[in-house]
Each structure stands twice: as structure tokens, then as C-alpha cells.
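Colleague: how would this look folded up:
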Amino acid sequence: MTNMEIIGHEQLKRWRLILGAESEEKLQSFGSGGRLLDEETALMDEALAAIYDDTYSNENGNGAGNPRKQAGLGPSAPKLAKWLGDIRTFFPPDIVSVIQADAIERKGLKQLLFEPELLAQVKPDIQMVATLMALKGKIPERTKETARQLVKAVVEEIVRRLSEDLRRAVTGALNRRRHSPLPSATGLDWNTTIRKNLRHYDQERKLLIPEKVYFFDRARRSKEWTVILDIDQSGSMAGSVIYASIIGSIFASMPALDTRVVAFDTEVVDLSEQCANDPVDMLFGIQLGGGTDINKSIAYCEAFITEPKKTMFILVSDLYEGGNRSEMIRRLVDMHQAGVKTLCLLALSDEGAPSYDDAVAKKLAQYGIPCFGCSPEKLPELIEGALKGLDLTAIADRVKQG
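Modeller: Residues are numbered from 1 along each chain as shown. The predicted structure follows:
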């Protein structure tokens, strides 16, 4: 390829970014006829088009006419959180701030965000929460409490839907003999039971027949398992981030579990304390979008593993790694081989089949680490099976999305 061809391609690429998707075919005719945008540039173009191209929503089947008519924080703008997250990957903070301000203005969100009375009329849902999380730095003081109440309503609804089943799953797994007359077979104090029943030893049958069985106080052994949720903050993972965070708060409320919730992009944020105290604050502590360093987050989480065979590690990620991919795989495999119940949820949402790095997922699956999308309602079955020591791959085959 000559220098003139290289320059020509770069010029065509820039014009394509300026003029938008409708110019693609015409501009290709001035060049070699191939694609003008590589995969990364196409993602950047999509994120910008969602905000600045007035024809974008119509082309993508989201409606017709003026995009202002589709304004809102709910299902009418379901990908807005993803786009707002994506721009953090491609632009520095000062440019991101300008683009977010433009998104508020151009997508008709300004009146909603700046008027508490109007914001209060928005139907609370996952997409609304994702958008508020993405725009949290732009929400004015006078509407912050209204926004918080909307997020709280969604959190409470998800807790209502999932809490009982998750608690039943954990209790059922940790107290396997729940139908036994014994208060808790897993809490039996063998030393005390034997010592205090020695006088009941049957010499003829050579058996110790206890008159009374002693159990540890449940408070002394309250943390039976460590559960680590490692959550990818990518804009495309918005729904999964919300579900995973709220599920983490449910786990944190269970005395039998030592719960750790970690979120990451290129940096790692430990949300365990907020998760246990206030899941709404935790959600507003998450920054959607940006780069991805999964390996770095796994390295951070390794410090929480003190008893591998009593630890479950759940990576919620599409596995698109911007850091050291081979090191990431090695850490997960080492974790799995040490006895940690290790799995990757490519999506934790009701949104259907996720986009993910298929090569990494297949590599991990070869080592016995299942990677699959899971609806929130199927999660209790997965958790119970993992805590009972059942084969994770077999469980994944039952619960993964069709």
C-alpha cells in the first residue's frame, strides 16, 4: 500500500466520522471499497452517533422522527447508559463532560433531570437506573433526592423478587440436613459431645451412645462461606452491574456469608462496605464505562481467599480484557484448581444472549470454569448447587440462557 493510499484512507475515515453512517457507501467509492472504520473506531462512532446523529435512532429501529420525542430514562432509550459509558473509553474526562452535557440537552433529558416533579413521574426500571448512574455527575442538587428515590424503588423491587429465593438457596445448601431433628448437623461440636457422654460408652458393642448432643453457637461460626462478586463496569454491562450489585447486598445481609463486592474498569473499587450498608449508595458509587483490566481486579480479590474450598468467586464480565489476558486466565485457573468455586457470568440480566469474548470463554471452559449468561431468577439454583459442591458445568448447562 502506498503512502498516498494510506493518506487517502485516513482522510476518508475522518470524513466518515464527520458525515455519519449515511456517507459510508459514497465514501467507499472513493477508496478501495473496503470498510472505512475498524472495530474500535466503529464503537466510538456508534457512541457519538447515538448522541449527535438525529437519524441514528430511526436507523436502529428505535423510532422515527425527532429523537427528542423519544426522550426519557426508561425503555425508550435502553442503550443510552451503554453509549454514555462507551465515551469514557475513547475520550479524556473533560471531553466526556462536554458529551454528557450534550446528551442531556439533545436527548431531552434536561427537563427531567432538572425538574424533580417531572423526574418523579418517570417509571422506575433497570434502564432508568443505568442512565442515572451514567449521568450522576450531571444531576443537580435539587433533583438528587428524587433520583435517589427512583433508584431505591428499583433496588427494593429487585430485592423483593430475588431475596427470598436466594436466602432459601443459601440456607438449603449450608444446612443440608434441614429435615433432621438436629438443630444443625454442620454445627455439631464433636469434642464436647464425646467428652460429656463418655459414661454412656457401651463396652459390649464398643459404641458411644450420646445421651445429649452439643452444638456450637451459630454466632461463633456465622461466616461459613466467602462469596466474592467481581463486577465489570463496562457500559455494555449496565444491567448486569445493577443486578449483581443488588444481589451482592442480599448476600451481605446473610450471616452465613462473608460477602465481598468489587467493581472495576482499569481501576478497582471495593464496594463491600457500601453494599452491606446501603445498596443505593453503592450503585451511585459505580462509574459505568471506561477501560477494562480484569486481571488487576482478580489479583485484588485473591486477598479475600483464605479458605479456597469454602469460597465462591463470581466474575461478572463479558471477558473483553484490556489488560493482561494470559495472566487473567492463569489467575482464574489457579483459583479453580485450588478449590475455589469459580465461574463467569457473561451477563446477569433479562436482556438475552450477551456479546462476549468467545475465545477466552472457551479457554476457561476447557479448564472447567463455566462462562454463561444467567437470568437473575435462575441465580438461586446456581448458588445452591455451587455451595452444595455440585459440578458447576452441569449446573451452568441447566440454568444458562437459551
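Colleague: isn't Gly290 right next to Met237, touching?
Modeller: No: using C-beta atoms under 8 Å as the test, Gly290 is too far from Met237 to be in contact (11.3 Å). Quick note: C-beta positions are derived from backbone N, CA and C, even for glycine.
Colleague: Counting neighbours, go ahead and name the busier of those two.
Modeller: The residue with more neighbours, out of Gly290 and Met237, is Met237; 29 against 21, by other C-beta atoms under 10 Å.
Colleague: lowest confidence element among the helices and strands of the chain?
Modeller: Ranking every helix and strand in the chain by mean pLDDT, DSSP states H and E puts helix 56-59 at the bottom, with a mean of 49.
Colleague: after it, next one along is what?
Modeller: Counting by DSSP states H and E, the next helix or strand C-terminal to helix 56-59 is helix 80-90.
Colleague: Counting by contacts, list what that next one packs against.
Modeller: Applying 3 or more C-beta pairs under 8 Å, 6 or more residues apart in numbering; DSSP states H and E, we find helix 80-90 packed against helix 39-52, helix 93-106, helix 126-134, helix 238-252.
Colleague: and these as a markdown table, adding mean pLDDT, distance to Leu84 and mean neighbour count?
Modeller: What follows is the helices and strands packed on helix 80-90, written out as a markdown table (pLDDT from 0 to 100; distance: least, C-beta to C-beta, whole Å; neighbours: other C-beta atoms under 10 Å):
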| stretch | mean pLDDT | distance to Leu84 | mean neighbour count |
| --- | --- | --- | --- |
| helix 39-52 | 82 | 8 | 17 |
| helix 93-106 | 78 | 6 | 15 |
| helix 126-134 | 83 | 4 | 26 |
| helix 238-252 | 92 | 9 | 26 |
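Colleague: To Ala153, which of the ones you listed lies closest?
Modeller: Nearest of those to Ala153, taken as C-beta to C-beta: helix 126-134 at 9.3 Å.
Colleague: helices and strands around that closest one, which ones?
Modeller: helix 80-90, helix 141-174, helix 238-252, helix 279-284.
Colleague: doesn't Ala47 make contact with Leu17?
Modeller: No: the criterion here is C-beta under 8 Å, and Leu17 misses it with Ala47 at 11.6 Å.
Colleague: Distance to Ala361 for the helices and strands packed on helix 80-90 - can I get that in TSV?
Modeller: Formatted as TSV, those follow (distance: least, C-beta to C-beta, whole Å):
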stretch	distance to Ala361
helix 39-52	18
helix 93-106	30
helix 126-134	24
helix 238-252	15
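Colleague: out of the ones you listed, nearest to Ile194?
Modeller: When those are compared (using C-beta to C-beta), the closest one is helix 238-252, at 35.1 Å.
Colleague: List the pairing partners of whichever helix or strand comes after that closest one within its sheet, with orientation.
Modeller: Following helix 238-252 in sequence order, the next helix or strand is strand 257-264 (DSSP H and E). Strand 257-264 has these partner strands in its sheet, going by DSSP bridges: strand 225-232 (parallel), strand 268-270 (antiparallel).
Colleague: So for strand 257-264, mean pLDDT?
Modeller: The average pLDDT within strand 257-264 is 94.
Colleague: Next, the buried residues of it.
Modeller: 257-264 (16 or more other C-beta atoms under 10 Å).
Colleague: What strand or helix carries the closest residue to Glu157 other than its chain neighbours?
Modeller: Take Glu157 and drop its neighbours on the chain: the residue closest to it by C-beta to C-beta, 6 or more residues apart in numbering is Pro124, 7.4 Å away. Using DSSP H and E, Pro124 is not contained in any helix or strand.
Colleague: Surely Pro124 is in contact with Glu156?
Modeller: No: Pro124 is beyond contact range of Glu156, at 9.3 Å (criterion: C-beta under 8 Å).
Colleague: Look at those two and report which has more neighbours.
Modeller: The residue with more neighbours, out of Pro124 and Glu156, is Pro124; 19 against 15, by other C-beta under 10 Å.
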